[in-house]
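*Asks:* return a 3D structure for these sequence lines:
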Amino acid sequence: MPSSPSRLKPWLIFLYLGCLGWGMSFFWIKVALREVGPFTLVFYRILIGAVAAWIIAVVTRQLAPITRDQWKHLAVVGLVNATIPMTAISWAEIHISSGLAGMLNGTLPLFSMVAAHYFLFDDKFNRNKILGLIAGFAGMLILLYDDLQHGISGSTLGIAAMLLAVLSYAAAGVYTKRFIKGMPPILMSATALTSSLVYQTFAALWIEWPLKIPAQPMTWLALGWLGVLGMALAFHALYYLFTVWPISRISMVTYFFPVWAVALGAVFLDEPVTWPFVIAGVLVILGIASASLPAPAKVPVRSGTTASGRRD
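*Replies:* Residues are numbered from 1 along each chain as shown. Sure, this is the predicted structure:
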């Protein structure tokens, strides 16, 4: 039986996020970094995203009064779901490949499951999630092994920046789920991005003044893609999913990231793909898949009978 429109819509949005919205972001970040610094890149990305989100909110007539509490919570979301992680990712991709960045970002469900267990009442650990966490972290250790052997280097710091971004995204998901309700998703996107733009403007002016205006059309294409598809529409999609799905399922969108990041990096940026890289990616994906399975059903034990079937 085909899925009803109401059930199909979240999956189509999920697919958009995994492929066009965020799956290709690592490639476009690498392209834009050829001409602008990481703080400037994120400044343009958020500026374009905020403008696009407000235009969509006006055109679709989804404007509504925003309370002081909503502004306060969305100011936090703008910091931990945009400014911190996107700057960390852009900075990380100066030091590591876009493929590795996508692979590390693919560990988000593992961190999200831990955060959801402790801070949300309806998304707790079970045996499958614990097995998934073990497999996923084993994959991360393989990814980090070479760098840890040789001490702190540029790539080690790049990996650390990616993990900071993942932790920030996980915290943002839990915070949004707990504290922000009752707003149109595009209005949430526009408000959060506006808050993020304030932070990023100060950061970019402080660290990378004077801000460079890109001269290459390819850079503007990258910034436009990242701003409109990867910010305004992606945040709109994300906040919609928060209203209909649990965080553990939404975070599975990062399944797509390693595939897109590695494939685009290898084809267009001549980034190498090694066997440890592939093994680690498989472990991470298997870990996330295992952790996403429903909890095993408990077999009832009849009175006077042991779990092995013997009578006491």
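*Asks:* just the pLDDT for Ile29.
*Replies:* pLDDT recorded at Ile29 is 89.
*Asks:* sorry, that was for Ser155
*Replies:* Predicted confidence (pLDDT) for Ser155: 75.
*Asks:* show me what the helix or strand encompassing it is packed up against.
*Replies:* Taking DSSP states H and E as the criterion, Ser155 maps to helix 154-179. With contacts defined as 3 or more CB pairs under 8 Å, 6 or more residues apart in numbering; DSSP states H and E, helix 154-179 has these neighbours: helix 68-78, helix 84-92, helix 98-105, helix 108-119, helix 127-149, helix 233-244, helix 247-250. C-beta here means a position set from N, CA and C on the backbone, and glycine is covered the same way.
*Asks:* report the mean per-residue pLDDT for the longest one.
*Replies:* Throughout helix 127-149, pLDDT has a mean value of 64.
*Asks:* and the last one, by the same measure?
*Replies:* Helix 247-250 carries an average pLDDT of 73.
*Asks:* any idea how many residues pack against the residue lying closest to Ala161 once chain neighbours are set aside?
*Replies:* Leaving aside its sequence neighbours, Ala161 sits nearest to Ala92 (CB to CB, 6 or more residues apart in numbering; 3.9 Å). Ala92 has 27 neighbours, counted by other CB atoms under 10 Å.
*Asks:* so who does Ala92 touch?
*Replies:* With contacts defined as CB atoms under 8 Å, 6 or more residues apart in numbering, Ala92 is in contact with Ala101, Gly158, Ile159, Ala161, Met162, Ala165.
*Asks:* ok, Leu229 next?
*Replies:* Contact analysis of Leu229 by CB under 8 Å, 6+ apart lists Leu20, Gly21.
*Asks:* separation between it and Thr194?
*Replies:* 19 Å (CB to CB, to the nearest Å).
*Asks:* same check on Val36?
*Replies:* With CB to CB as the criterion, Val36 and Thr194 are 22 Å apart.
*Asks:* could you do Gly173 as well?
*Replies:* Distance, Gly173 to Thr194, using CB to CB: 20 Å.
*Asks:* thought Trp22 was touching Val253?
*Replies:* Yes. Proximity of Trp22 to Val253 meets the contact threshold set by CB atoms under 8 Å, at 7.0 Å.
*Asks:* circling back: okay, Gly173 and Thr194: which has more neighbours?
*Replies:* Ranked by neighbour count (other CB under 10 Å), Gly173 and Thr194 place Gly173 first, with 26 against 19.
*Asks:* roughly how far does the nearest residue to that one once chain neighbours are set aside sit from Ala266?
*Replies:* Leaving out its chain neighbours, the residue that sits closest to Gly173 by CB to CB, 6+ apart is Ile247, at 4.9 Å. From Ile247 across to Ala266, the span is 31 Å (CB to CB).
*Asks:* higher neighbour count, those two?
*Replies:* Neighbour count, other CB under 10 Å: between Ile247 and Ala266, Ile247 has more, with 23 against 15.
*Asks:* ok but Pro210 is inside a helix, no?
*Replies:* No. Judged by DSSP: H, G, I helix; E, B strand; the rest coil, Pro210 forms no part of a helix; its state is coil.
*Asks:* now it: phi and psi?
*Replies:* phi -80, psi 140 (degrees, to the nearest 10).
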